[in-house]
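Participant: Have a look; sequence and predicted model below, questions after that.
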Amino acid sequence: MIEQGFLSPRVRASFAFVLALSALGCSGGDDEPAAVVESFCGKVGGGPGKAPAMTSSIDADDAAIQYGGRMDFTDPKGPLYSAPAAYAKVRFSGTAVSVKFEDEFRWGRRNYYDVIVDEGSECERRAKITPSQVSTEYPAIWGLADGEHTVSFVKRTESSIGNVTFRGFGFKGDVGAPLDVPTRRVQVIGDSINAGVGDDLPPKDEYPEGATTATLCMEDSWGVPYHNANKAFGALTARHFGAEYQLAAVSGIGLVQNYSSNPVDDLRPLPEVYDSVLLQDPASPPWDPKAFVPDLVLIALGTNDFSPGDNIENHPRIPVDDYVAAYIDFIDKLRSDAYYPDAKFLLLGSPMLGDKYPEMSDTFRTNLDTAITTIEEHYASEGVDAVKSLKIDRQLNRGCSAHPSGAEHAQIAGTAEWTGHQQIIPVVSELMTW
């Protein structure tokens with residue numbers, strides 16, 4: 001019997017791919033475990049033995065499903081989306097669950113997904129799903145205690161990796177009553193940091209033989225199996241407060257200029273893609289801002305604006321005053337009646353930027369911190385108490401491509417201890433009285 005939950009993350013991913021190639025109807029029967037394997041409680045992986053056949057299913061338009069993230073519901077039975085950390089969640093009773101979806105396989109690459117059962121509980125179970133081009137239904141987690149559970153299907157990877165069409169859930173059991181609707185809403189606007197780039201590397205003692213951080217971070221083009229927006233500090237903060245949340249985050253994007261200056265890339269900065277459902281697609285359907293009106297907007301931009309970029313000659317140093325003016329224009333738009341006039345805003349610094357690099361005279365970190373402080377002071381001078389700023393201390397950035405690891409994201413958010421450093425959750429708690 002293969003107990004997937006005790007394998008290394010890389011082997012688990014390979015095992016998930018094998019599962020993906022198997023039709024649901026080809027497993028179960030005599031191979032189904034007769035009882036829950038208690039040691040599987042809280043483990044990562046599908047379950048003990050082979051996945052059972054599901055006995056019921058629901059389509060994506062079932063009223064019991066709760067969605068989070070920018071999605072195109074033109075086809076209610078197949079909502080289309082690309083946003084990182086976008087999710088579908090439902091309650092069910094039974095012992096196993098499957099997910100039904102179709103990955104775009106944009107440019108021959110794939111997205112990765114998490115299925116999480118009973119998130120936050122002592123017996124939380126999760127499995128990473130690696131899609132295949134020959135399957136549309138994936139046995140996800142089984143061997144559960146027979147009773148009531150919640151399951152979330154979460155897109156780990158960012159918009160540029162491609163779209164997904166969600167089709168619904170299957171159960172060895174039955175769908176349950178609709179979930180309570182969260183009363184709080186958080187929107188996160190950011191770049192690769194909140195898209196979760198490289199934040200889910202396994203512990204080094206679980207690396208496959210011969211693997212290094214460099215080789216893992218090159219898997220599937222650029223370490224995509226280890227991207228997880230759901231572990232980034234924006235999503236962590238929202239979940240801490242039990243909020244419904246959405247991420248508008250794209251790798252390399254800036255407020256004024258992106259990291260890339262290569263004309264073959266999409267050079268539109270965040271304000272130019274903000275009103276799109278699919279942020280990576282110039283032909284995207286428009287996003288209706290009234291479809292999701294947040295109480296709190298976390299903005300974590302500036303890392304790419306103030307970095308050296310991919311070509312110093314074509315990535316000019318932005319004067320702080322110019323950056324501040326552009327930032328205020330964007331916030332004024334979001335505070336208008338057409339968007340979120342009652343929302344509060346928290347402008348965040350960067351855990352990646354530093355000074356004195358690549359030139360000793362460079363002050364990238366200082367410039368961003370000065371900018372967000374200046375913006376807060378600007379609104380305060382106008383009697384507006386709804387825009388605050390928070391400098392984020394630099395991290396060691398142990399994830400891929402010098403990005404924060406999952407543990408470092410937890411420290412920044414405040415779900416893990418970070419002695420002597422400011423964290424987001426206490427600031428949000430005071431700002432929102434949550």
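Facilitator: Everything's here; your move. Numbers count the residues shown, from 1 in each chain.

Participant: Distance from the chain centre to the helix or strand that residue 89 is a member of, please.
Facilitator: Using DSSP states H and E, residue 89 sits in strand 87-103. Offset of strand 87-103 from its chain centre (CA atoms, centre = their mean, to the nearest Å): 18 Å.

Participant: That one: partners in the sheet, and parallel or antiparallel?
Facilitator: When pairing is defined by DSSP bridges, strand 87-103 lines up against strand 66-68 (antiparallel), strand 137-155 (antiparallel), strand 164-175 (antiparallel).

Participant: Next, the buried residues of it.
Facilitator: Applying a neighbour-count criterion of 16 or more other CB atoms under 10 Å, the buried positions in strand 87-103 are 87-92, 94-103. Just so you know, the C-beta spots here come from the backbone N, C-alpha and C atoms, and that holds for glycine as well.

Participant: got it, and stretch 132-149?
Facilitator: Going by neighbour count (16+ other CB under 10 Å), the buried part of stretch 132-149 is 132, 135, 136, 137, 138, 139, 140, 141, 142, 143, 144, 149.

Participant: just those now: which is nearest residue 266?
Facilitator: The shortest approach to residue 266 among these belongs to residue 132, at 27.8 Å (CB to CB).

Participant: now the closest one, what's its secondary structure?
Facilitator: coil (DSSP: H, G, I helix; E, B strand; the rest coil).

Participant: residue contacts, residue 270?
Facilitator: By CB atoms under 8 Å, 6 or more residues apart in numbering, residue 270 lies in contact with 189, 191, 248, 250, 253, 254, 255, 301, 330.

Participant: Just give me the closest of the residues you listed to residue 310.
Facilitator: residue 254 (12.3 Å).

Participant: How about residue 147: what's its closest non-neighbour residue?
Facilitator: Distances taken as CB to CB, 6 or more residues apart in numbering place residue 93 nearest to residue 147, at 6.4 Å, with adjacent residues excluded.

Participant: May I ask you to confirm that the one you found is in contact with residue 148?
Facilitator: Yes: shown here, residue 93 and residue 148 form a contact pair, counting by CB atoms under 8 Å, at 5.1 Å.

Participant: any shared contact partners between the two?
Facilitator: Residues touching both residue 93 and residue 148 (CB under 8 Å, 6+ apart) are residue 176.

Participant: so where do the helices sit in the stretch 151-300 of the chain?
Facilitator: Counting by DSSP state H, counting those that start in this stretch, the stretch 151-300 of the chain has helices at residues 213-216, 233-240, 270-273.

Participant: Most tightly packed of these?
Facilitator: Counting by mean count of other CB atoms under 10 Å, helix 233-240 has the highest mean neighbour count of the helices of the stretch 151-300 of the chain, with a mean of 25.

Participant: Check which helices and strands that one is in contact with.
Facilitator: Other helices and strands packing on helix 233-240, by 3 or more CB pairs under 8 Å, 6 or more residues apart in numbering; DSSP states H and E, are strand 185-190, strand 244-249, strand 296-300, helix 406-413, helix 424-432.

Participant: Report the rounded mean pLDDT for it.
Facilitator: Average pLDDT, helix 233-240: 98.

Participant: I'd like to check what contacts that helix. Which residues are they?
Facilitator: Residues outside helix 233-240 that contact it (CB under 8 Å, 6+ apart) are 85, 120, 186, 188, 190, 193-194, 196, 229, 244-245, 247, 249, 298, 300, 404, 409-410, 412-415, 424-425, 428.

Participant: what separates that helix from the chain centre, distance-wise?
Facilitator: On CA atoms, centre = their mean, the centre of helix 233-240 falls 10 Å from that of its chain.

Participant: Output that helix in CSV with nothing but the alpha carbons.
Facilitator: Provided in CSV are the C-alpha atoms of helix 233-240 (Å, rounded to 0.1, in the frame of the first residue of the first chain):
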residue,chain,number,x,y,z
PHE,A,233,1.3,37.0,3.1
GLY,A,234,-1.7,38.6,1.4
ALA,A,235,-3.8,35.4,1.3
LEU,A,236,-2.5,34.4,4.8
THR,A,237,-3.7,37.8,6.2
ALA,A,238,-7.1,37.5,4.6
ARG,A,239,-7.7,34.0,5.9
HIS,A,240,-6.5,34.9,9.4
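
Participant: rewinding a little: of the buried residues of strand 87-103, which is the nearest to residue 337?
Facilitator: Lowest distance from residue 337 to the buried residues of strand 87-103 (CB to CB) belongs to residue 87, with 29.1 Å.
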